[in-house]
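# can't give you the sequence, but here's the structure:
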């Protein structure tokens, strides 16, 4: 039985966050990857060789429209049963940190853009006003989910600033490596603690 599980928001593109997942999977090839939605043809082909497990959203989210399910991601991840694993590695720029596990290590690339960076996604108008009205319903549970994890880090000082602005986390800048058991990621990381 694998001692470690890897969790990521969605495997639907070939971005930097997915490269991190690919690296973790290379380090721990026997560990399953849990994700909300997986579209093999849209992401790195190496994932086809791994044990990728999806949430119920796999059958709900329209192909290529994974952002439409934003209100459901936190719930989907919170319902994953990861109790059989000693440790869980989470890499997120969305809602994967909503998982519940006492020994989770969260690497945050950025808080969810559609909660924190709405200006980059929607121009002024009726659609934006509707989304703005719903954002508190997403932001508050997201902040609570982040606060649950003692081992929560950002992958850069820039990301740390955004996370600090979005959550109740405070950051100490650190070059400490991400080290659950023997894992090593050679990127600048920021150590976090929950603000009092």
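Good, I have the coordinates. Everything numeric in this text was worked out from a predicted model, so none of it was measured.
# report the longest helix in this structure, please.
helix 126-147 (DSSP state H).
# For that one, what does the pLDDT average out to?
Across helix 126-147, the average pLDDT comes to 77.
# Quick one: work out the angle between the helix or strand hosting residue 160 and helix 126-147.
Using DSSP states H and E, residue 160 falls within helix 157-166. Orientation check (axes from the mean of the first three to the mean of the last three Cα atoms, to 10 degrees): helix 157-166 against helix 126-147 gives 100 degrees.
# The protein: helices as residue ranges?
Assigned by DSSP H, the chain shows helices spanning 16-27, 70-78, 113-116, 126-147, 157-166.
# Tell me which of those helices lies nearest to residue 55.
With Cβ to Cβ, the closest approach to residue 55 among those belongs to helix 70-78: 4.0 Å. Using the backbone N, CA and C atoms, a C-beta is placed for each residue, glycine as well.
# Below-threshold pLDDT in the protein: ranges please.
1-2, 64, 66-67, 113-123, 126-128, 130-131, 167-196 (pLDDT under 70).
# most centrally placed residue in it?
In the chain, the residue lying closest to the centroid (Cα atoms, centre = their mean) is residue 92, at 2.0 Å.
# picking up where we left off before, now the helix holding residue 160: how far from the chain's centre is it?
15 Å (Cα atoms, centre = their mean, to the nearest Å).
# Bridged to the nearest residue to residue 43 once chain neighbours are set aside, which residues?
In space, and not counting its chain neighbours, residue 43 is closest to residue 11: 4.6 Å by Cβ to Cβ, 6 or more residues apart in numbering. Per DSSP bridges, the residues bridged to residue 11 are residue 38.
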